Every structure is written in C-alpha cells, then in structure tokens.
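[1] fold the stuff below for me.
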Amino acid sequence: MDIRYAFWNNKGGTGKTSLAFQAISGYAELHPTKRILVVDMCPQANLSELMLGGLNNNGSTRLLQQQQIAPRRTVGGYFQARLPSPYSMPQINPSDYLTHPITVNHSMPPNIHLMCGDPLLELQSNAVNTLANNQIPGTDAWIKVVDWLNDFLGVVQNNYDTVFIDCNPSFSMYTQIALAASSLLVLPVMADDSSRRALQNAFSLVYGLQLPSAIYAAYAFGTKLTNAGRTLPKVHLIAKNRLTQYMGAASAYSAVLGAIDHDVTQLLLSHPHIFNFAMPQDGFVEVRDFQTTGVVAFAKGLPFSRLGTGRQSVNGQRIDIKLEYLENARNAMARLVAKL
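    Sure thing, here's the model as predicted:
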C-alpha cells in the first residue's frame, strides 16, 4: 500500500466531500492500474451515497442496503466487530465490509472499492472513547483503539495501492482513528475568516501547535501518537475551494486567502516537518465553484468526466449544463489530481 490520503478540515461546509468525490474519481481514472480503497469515516456517509449513485440514482437506498446486511458492510460494521476485541485484531473477512461501487453505479471507475460510512459511528463513539481511556497495565489503550483503521488496512495492504479517507468535520475519536491511519492530509478551505481559523485549529489539533496551555500537550493527539513511535500525517495539499469570479485581487475574499497563504508560509519556516512540500505554491490548488455543474454531478453520482452538457433533469427540474462551466470544473479537478 503506497499512500494514504485523508480529506479533512474541522470546519463543515468547505466542500470537503464533494471535492473528495471528484478528486478520487479523477485519480482513479488517471491511474486505471492502481487499486484504490476509499474509506468513508463520516457518519453522514455523503461520499458513500455519491459513489453508490447520488440522490437521484438511488445512492441513499443502496447505502441503506449496505447498512442492513449482516455484518454491516460499512465502517460501522467493522467497528462493531472491534468493540468486543478492542485491543487486538480479531479474525475478520475484509470483504464483509467492502463494496464495489461500479456494480451499482456504472459511472464509477472500476478500480475503486469502498468501505461505506455509517451513522452508527455516532452511537459507537461513547463506547470507543471509554475503551480508549481505559487504564490497563502494560497496554496503551488509546493507541490500540486509535489503530483500529490501521489494523484493517494492514490486513488488506496487499490488495490496494492507494487509500483515500474522507473524515468527519470534527476531532472525535473516529476522526482521530482516521487521521492516525493516514500519511498525507488534504485540507479544503474557503475564502472566509472561519476557514482561516479552522485551518489554524487543524494545525493545533493534529500537531499541537499554539496550544492555549502546556497542560494540554501531554493529552494532544500528536504527542500521544509520537510518544508511541508513530508518524504524524503531513499536510500535502491545501485546496482553496469554491472560489468565484468575484475574488479579485482587491476583494475581501482575496485578503482572507492571502492571510491563509501567509499563515502557511510562516509555518513552513517554523515547522517544515509537518508539510509534504517545501514551497507554498506547491502546496496550494485553487478550485472554482462548480455551480450548477456540481449540482447535477452530485445529484446523479457522476464524475465530471461522465457528465454531459445541455439540458438535464434533477429532482424534476431542467438544468442547463454549459460546456464552459463543465470544462472549468474538469480543469480545476485535473489540477488537484495532478498534485496527488
């Protein structure tokens, strides 16, 4: 298994899942011989719904079917198998928890397999936290639990070349489990002050930067992972998402994006080890707002490569997909995929 990417930001609404869907699809199309595993670690399971067909093509129904199989063909099903065996990997059949999206959504690349998301994660979180905080002589319970996804990927490591993990916009225990299993981070941001603060928070949560007090350091994710001899994921790419034609050099939006550039440049100087790039320009990509093109693609569970132009029906309404907008969306994703 070569690389493990995590799409994450601890702020919702940055377009993380829609960006992940198109980026993963584009990556799979560009590398048809690579075997790709997608892990949906978000209880909302929006990425799974997209890959299984989107809202208009029964994606939600198909996702529900995966959750109703025994054992559940989801990450929640795997966690359910781990609850009685939290500190050692039980004997499992990995295929019990994986699905092949192309079998139900023929627009998906054939080299993608999926571990579906599951709202059960929210119900399991209290139990997972309790297990991680147990005091057991000779056992680091937190590490044993935070390694749950690592354990699964270890079982299937010979079957896949690249792993993509879609994370929940939180820092809950299941998000930490996802981040502990990743090697590279893709952080989507938008041109607003809350995205800038969220990016600063992300660096604090993962790497322990600028904690309000030294008392938090011993409990920090990065500290505990490092003390256990584990490697922290590195920031690979910051995607400036949902940009519009109004974000000119003199706009307030541009000022915020400039401030984000400045923050990252300063961290590159002070903490270069947390990045997978040396120059700021290598770590940023700009993605224009997909507009109606995105609405149609996500409603139908379509990679942009499979989306046509002209009048199309979505939820009973006719929407016109213009070639210019579709090409803008395809070009934006091609730039992002080229950096993976």
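[2] which residue ranges form the strands in the stretch 201-340 of the chain?
    All strands of the stretch 201-340 of the chain, identified by DSSP state E, counting those that start in this stretch, fall at 234-243, 284-288, 310-314, 317-321.
[3] with only the CA atoms kept, save stretch 107-117 in CSV.
    Extracted in CSV, the C-alpha atoms of stretch 107-117 (Å, rounded to 0.1, in the frame of the first residue of the first chain):
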residue,chain,number,x,y,z
SER,A,107,-20.2,5.7,-13.9
MET,A,108,-17.6,4.9,-11.2
PRO,A,109,-14.1,3.8,-12.1
PRO,A,110,-13.8,0.0,-11.8
ASN,A,111,-10.6,0.2,-9.7
ILE,A,112,-12.3,1.8,-6.7
HIS,A,113,-13.5,-0.2,-3.7
LEU,A,114,-15.4,1.4,-0.8
MET,A,115,-15.8,0.9,2.9
CYS,A,116,-19.1,2.8,3.3
GLY,A,117,-19.8,5.4,6.0
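[4] just give me how far that stretch sits from the chain centre.
    Stretch 107-117 sits 14 Å away from the centroid of its parent chain (CA atoms, centre = their mean, to the nearest Å).
[5] quick check: residue 334 touching residue 29?
    No - judged on CB atoms under 8 Å, residue 334 makes no contact with residue 29 at a distance of 10.2 Å. Bear in mind the C-beta positions are built from the backbone N, C-alpha and C, glycine included.
[6] tell me the confidence at the nearest residue to residue 257 once chain neighbours are set aside?
    In this structure, residue 257 finds its nearest non-sequential neighbour in residue 191, 5.2 Å apart by CB to CB, 6 or more residues apart in numbering. You'll see residue 191 listed with a pLDDT of 80.
[7] helix, strand or coil for residue 191?
    coil (DSSP: H, G, I helix; E, B strand; the rest coil).
[8] ditto for residue 186
    Counting by three-state DSSP, the backbone at residue 186 sits in strand.
[9] tell me how far it lies from residue 272.
    Distance of residue 186 to residue 272, given as CB to CB, to the nearest Å: 19 Å.
[10] okay, those two: which has more neighbours?
    residue 186 (27 against 10; other CB atoms under 10 Å).
[11] list the contacts for that one?
    Counting by CB atoms under 8 Å, 6 or more residues apart in numbering, residue 186 touches 5-8, 19-20, 23, 236-239.
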